[in-house]
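A.B. asks: A predicted structure for the sequence below; I have some questions about it.
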Amino acid sequence: EAVIAAPDALQFSDGSLLHDGKPVDLVYNRLVDFSFEAPRSAALRQAYVSGATVVTPNPRNHAVFADKRNLVLLSDEGTLRKMGLTDPEVRILTRSIPKTVIVGSANAEELWRERRRYFFKPVAGHGSKAVYRGDKLTKAVWDQILKNDYVAQGLVPPSTRTVFIDGTPVERKVDVRLYTYGSEVLAVAARLYQGQTTNMRTPGGGFAPVFVVEAANASRRTEDSNCRE
């Protein structure tokens, strides 16, 4: 049996999480109160801390996998080496993750001056909300960023693909998603879009298939092509 309920419809009583008097064994958490800090999340927080129910995703999941402050560590070569990573691991992470820093009073002047080189993201944000591209920032928005917890991440232009709409070729940005569980990739999909963030409104956009080509096959095809040329 499953129900859809707001967090304040749950009760924590006698060591159990309840909804309408019935015990809840698992909560599929769709809240954006990632740390269960809001008063309406009190029962859920108690149940999670006491181990009375399974919550997925939970505050620890968010802290380990989604808090954007982790990107500061994962994009810093010195920190990665101190953590004991090998040279190949360090190269993969520093090449794949744009350099990220915490926004604060100490670097505010420099970041504002170099803002065109950065994307600014709230550390616990979701769904691209309150995310700003540096070259679009106004001073008023910048002042709000400084009052909240943000990171600045190096700007990396998205890759693009050409699609046809009514026979006319148009260019769309591409965002590739890997859906994983237990360290295994379950599915790969792409989002085609136009504008600052991914969306489902762009004509010719939306989800698109991704065809994975083995490296060996790709290398052979490249060599064949070069020989023909």
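C.D. replies: Perfect, I can see it now. Residues are numbered from 1 along each chain as shown.
A.B. asks: so what's the residue nearest to the spatial centre of the chain closest to, chain neighbours aside?
C.D. replies: Closest to where the C-alpha atoms of the chain average out (C-alpha atoms, centre = their mean) is residue 66, at 6.2 Å. Computed as C-beta to C-beta, 6 or more residues apart in numbering, the closest residue to residue 66 that is not its neighbour in sequence is residue 34, at 7.3 Å. In short, each C-beta sits where N, CA and C put it, glycine included.
A.B. asks: For this protein, give me the ranges with low pLDDT.
C.D. replies: Scanning the chain for pLDDT under 70 picks out the ranges 216-229.
A.B. asks: Do you have the strands of it handy? List them.
C.D. replies: For the chain, the strands defined by DSSP state E occupy 10-13, 16-19, 22-23, 26-28, 54-56, 100-102, 118-122, 132-133, 150-154, 159-165, 168-181, 184-193, 206-209.
A.B. asks: Quick one: these as a markdown table, columns for mean neighbour count and distance to residue 215 too.
C.D. replies: Shown next, in a markdown table, are these (neighbours: other C-beta atoms under 10 Å; distance: least, C-beta to C-beta, whole Å):
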| stretch | mean neighbour count | distance to residue 215 |
| --- | --- | --- |
| strand 10-13 | 17 | 49 |
| strand 16-19 | 18 | 48 |
| strand 22-23 | 10 | 50 |
| strand 26-28 | 14 | 37 |
| strand 54-56 | 15 | 34 |
| strand 100-102 | 18 | 28 |
| strand 118-122 | 20 | 30 |
| strand 132-133 | 18 | 33 |
| strand 150-154 | 22 | 27 |
| strand 159-165 | 11 | 18 |
| strand 168-181 | 13 | 17 |
| strand 184-193 | 14 | 15 |
| strand 206-209 | 12 | 20 |
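A.B. asks: and of those strands, who's closest to residue 47?
C.D. replies: Residue 47 lies closest to strand 16-19 among those, at 3.8 Å (C-beta to C-beta).
A.B. asks: and the residue nearest to residue 114 when sequence neighbours are not counted, how many neighbours does it have?
C.D. replies: Among residues not flanking residue 114 along the chain, residue 134 sits closest, at 7.8 Å (C-beta to C-beta, 6+ apart). Close neighbours of residue 134, defined as other C-beta atoms under 10 Å, add up to 18.
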